[in-house]
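*Asks:* predicted structure and sequence below. I'll ask about it afterward.
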Amino acid sequence: MSGLSKDEWGGVKIEGMEGYFQDINFCNGQFIFGTRWGPDMETLMAVADRFKAGFLLDYAEPMMSLYGQAQYNKGKLLDVRLSGPDFKEVNYLEKDDVYVYKGRHFRSSETLCRLLLKEKLEIEKSPEEKKQIKPRIR
């Protein structure tokens, strides 16, 4: 993508698609990039199909309450993201500045979201998907 022209913000426009990627880097076998507001699944799937590949995409935009993971393999997309009901068992203790979930205390909302997403991924996947793809939660 380094040969593609950049817009005024340094992003790359994928011709023929509405897709937009910025700050594109490759490190430790992973592409790392930013998008506008949220993941651009349509463009990612088009690129994956073009190269006969799949992808595992972890995404987060805390200011927009967006946290999820998308898995694309052999033309099938599984996009699991957290929403309001996923937080129904979470309490916030303001005086201690911690989140409490299932008796565990979390100072970091990021750590809590990773755990909630991991649990939701296990529920959302079909039995055959559970055998094939192990989620990579950092």
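*Replies:* Arrived safely, thanks for sending. Numbering: from 1, shown residues only.

*Asks:* quick check: most distant residue from the centroid of this structure.
*Replies:* In terms of distance from the mean C-alpha position of the chain, Lys95 ranks first, at 31.3 Å (C-alpha atoms, centre = their mean).

*Asks:* for it, grab phi and psi.
*Replies:* phi -60, psi -30 (degrees, to the nearest 10).

*Asks:* distance check, it against Leu121.
*Replies:* 33 Å (C-beta to C-beta, to the nearest Å). (Each C-beta comes from the backbone N, C-alpha and C, glycine too.)

*Asks:* for this structure, which segments count as strands?
*Replies:* 12-13, 20-27, 30-34, 55-61, 66-73, 76-81, 90-93, 98-101, 104-106 (DSSP state E).

*Asks:* which of the ones you listed is buried the deepest?
*Replies:* Most buried of these, by mean neighbour count (mean count of other C-beta atoms under 10 Å): strand 66-73, with a mean of 19.
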